[in-house]
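Visitor: Output the structure for:
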Amino acid sequence: MRDYKTLLREVLKNVKVNLSDVAEKSIVVMLRKFCYKLQKKWSACRYIEEKFLAKNNLWLSKKIMFPALFLKEISSRSMFPTHRQKSAKFFKDISDRHKVRRTKSIRKEYSGNELMFAAKMKMKAEGNIHASKVLDYLLRNPREAETIRNFCEQKEENLPQCSKEKALGMITSLKLSKTQYNMLREASLEDNKNIYPSYYQIEQAKVECYPSKDSISVTEEEAKIKLQSLLDHTTLRILSLIDKKEKEKCSNLLLISKWGL
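Guide: Below is the predicted model:
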């Protein structure tokens, strides 16, 4: 039982819910302390099972007290059907609005300094030493936050981000899957180059390419779309790509379309 990670895997496998990072951190700390105490008692009995059971009978009969946040998340999230948990997206793939909702209970429960410290420890545990040191520096020097922010904004200004329309065109041309695109984006972010928009923005760009839902009719036998709606939408999309000053120079515009293949 020296390795608390084995026990952690068993616990997480049995709870069958997606825990928040803070809740998972709390159970990790608790299990590490438990395994340390168990190993200490086991070695004190010279690794003799009968002696260990006799000497620690009272301690072994006690109930294990799990962290309050861990129990709270299990009781609340286990109320949802299993398929809801399976369909949950990774935190990095959801929109900022969804991230706000998902972290609401954590932010309500803990202070900003506690969350920053937990984030620092989590980054360090995952091997992200640079991010961990940045958070540690901010915790020790909160007045330097503005200086760091100005530096980051200055760096971002020198690296214009690819538009969501251009990124969508790249995905379509190269036939990239969602996973492949996210891997490409993560690789650029690791080099401190935020040049690709999130996949959520890509999905928004896709929706903007479609005509209004009112013009589309789908049944079991056929699918129809109003031709005029399709032409109107095509025209608006083309005009959105033209510079405003150029559009002001034109008094009349003619759309020439080709029907069929």
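
Visitor: Quick one: low-confidence residue ranges for the stretch 101-250 of the chain.
Guide: Low-confidence segments of the stretch 101-250 of the chain (pLDDT under 70): 153-159.

Visitor: What is the burial count for Val28?
Guide: The local packing of Val28 (other C-beta atoms under 10 Å) involves 19 other residues. Glycine gets a C-beta too; all of them are placed from N, C-alpha and C.

Visitor: Let me fix that, I meant to ask about Ala118.
Guide: Close neighbours of Ala118, defined as other C-beta under 10 Å, add up to 19.

Visitor: Could you report the separation of Cys209 from Lys178?
Guide: Distance of Cys209 to Lys178, computed by C-beta to C-beta, to the nearest Å: 17 Å.

Visitor: now swap in Val11 and tell me
Guide: According to C-beta to C-beta, Val11 and Lys178 sit 31 Å apart.

Visitor: which one of these two has more residues nearby?
Guide: More crowded of Val11 and Lys178, by other C-beta under 10 Å: Val11, with 17 against 12.

Visitor: Identify the residues contacting Met116.
Guide: Applying C-beta atoms under 8 Å, 6 or more residues apart in numbering to Met116 gives the contacts Leu135, Leu138, Leu139.

Visitor: any idea which element it lies in?
Guide: If you go by DSSP states H and E, Met116 is part of helix 112-125.

Visitor: right, and the helix or strand after that helix?
Guide: Past helix 112-125, the next helix or strand by DSSP H and E is helix 129-140.

Visitor: Just the buried residues of that following helix, please?
Guide: Ser132, Leu135, Asp136 (16 or more other C-beta atoms under 10 Å).

Visitor: Residues contacting it, please?
Guide: Residues outside helix 129-140 that contact it (C-beta under 8 Å, 6+ apart) are Asn113, Met116, Phe117, Ala119, Lys120, Met121, Met123, Lys124, Glu144, Ala145, Ile148.

Visitor: switch the cut-off to 10 Å
Guide: 112-113, 116-126, 128, 144-145, 148 (C-beta atoms under 10 Å, 6 or more residues apart in numbering).

Visitor: sorry, back to before: show me which of the buried residues of helix 129-140 is closest to Ile216.
Guide: Nearest to Ile216 among the buried residues of helix 129-140: Leu135, at 48.2 Å, using C-beta to C-beta.

Visitor: Identify the residues contacting the closest residue to the closest one other than its chain neighbours.
Guide: The spatial neighbour of Leu135 that comes closest, neighbours along the chain excluded (C-beta to C-beta, 6 or more residues apart in numbering), is Lys120 at 4.0 Å. Contact analysis of Lys120 by C-beta under 10 Å, 6+ apart lists Asn128, Ala131, Ser132, Lys133, Val134, Leu135, Asp136, Tyr137, Leu138, Leu139.
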